[in-house]
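>>> make a model of this:
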Amino acid sequence: QVQLVESGGGLVQAGGSLRLSCVASGRSFSSYAMGWFRQAPGREREFVAAINWSGGVTNYADSVKGRFTISRDNAKNTVYLQMNSLKLEDTAVYYCAADTASYRLRNGVVGSWGQGTQVTVSS
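Reported below is the predicted structural model:
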């Protein structure tokens, strides 16, 4: 397993941008697919985005496609989520996730979770 620590959440106005970061501990970061999930109050945790081990393949939920970008820097053991054109409905706790393959993350199979970072979008 890998330990994950998110940062970068906060309060932003609708239409604004935020960048989330997730730093992983361990020597095998580059072998993991990484992803982001989110959970809004009263709702189930949902998939947001995933990236494969090399960064060459990305997948997004339809609700964020075209607005969010997932990327990774294997030299820094870090995965990012750039969020643009934020909407009120993007308000949630965002969780970093790791597993052996992107398709597993897309299907909600997660080996390691971060502790979450709050993103609040205001009008």
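>>> ok, Gln1 - contacts?
Going by Cβ atoms under 8 Å, 6 or more residues apart in numbering, Gln1 touches Gly26, Gly111, Ser112. (C-beta placed from N, C-alpha, C; glycine too.)
>>> where do the helices sit along this structure?
Taking DSSP state H, the helices of the chain run over residues 102-106.
>>> looking at it, which residue lies furthest from center?
Using Cα atoms, centre = their mean, the residue of the chain lying farthest from its centre is Ser123. It sits 23.0 Å away.
>>> let me have the contacts of Gln1 in CSV, extended by distance to Arg72.
Formatted as CSV, the contacts of Gln1 follow (distance: Cβ to Cβ, whole Å):
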residue, distance to Arg72
Gly26, 14
Gly111, 16
Ser112, 15
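>>> which of the residues you listed are buried?
Using 16 or more other Cβ atoms under 10 Å as the burial test, the contacts of Gln1 include Ser112 as buried.
>>> mind checking which of the contacts of Gln1 are in strands?
Ser112 (DSSP state E).
>>> what's the closest of the contacts of Gln1 to Lys87?
Checking these against Lys87 by Cβ to Cβ gives Ser112 as the nearest, at 28.4 Å.
>>> and the residue nearest to the closest one when sequence neighbours are not counted, how close does it get to Ser63?
Counting by Cβ to Cβ, 6 or more residues apart in numbering, Ser112 lies nearest to Ala98, which is 4.4 Å off, once chain neighbours are set aside. According to Cβ to Cβ, to the nearest Å, Ala98 stands 22 Å off from Ser63.
>>> and Ala40, by the same measure?
Distance of Ala40 to Ser63, computed by Cβ to Cβ: 11 Å.
>>> who touches both of these two?
Common neighbours of Ala40 and Ser63 (criterion: Cβ under 8 Å, 6+ apart): Glu89.
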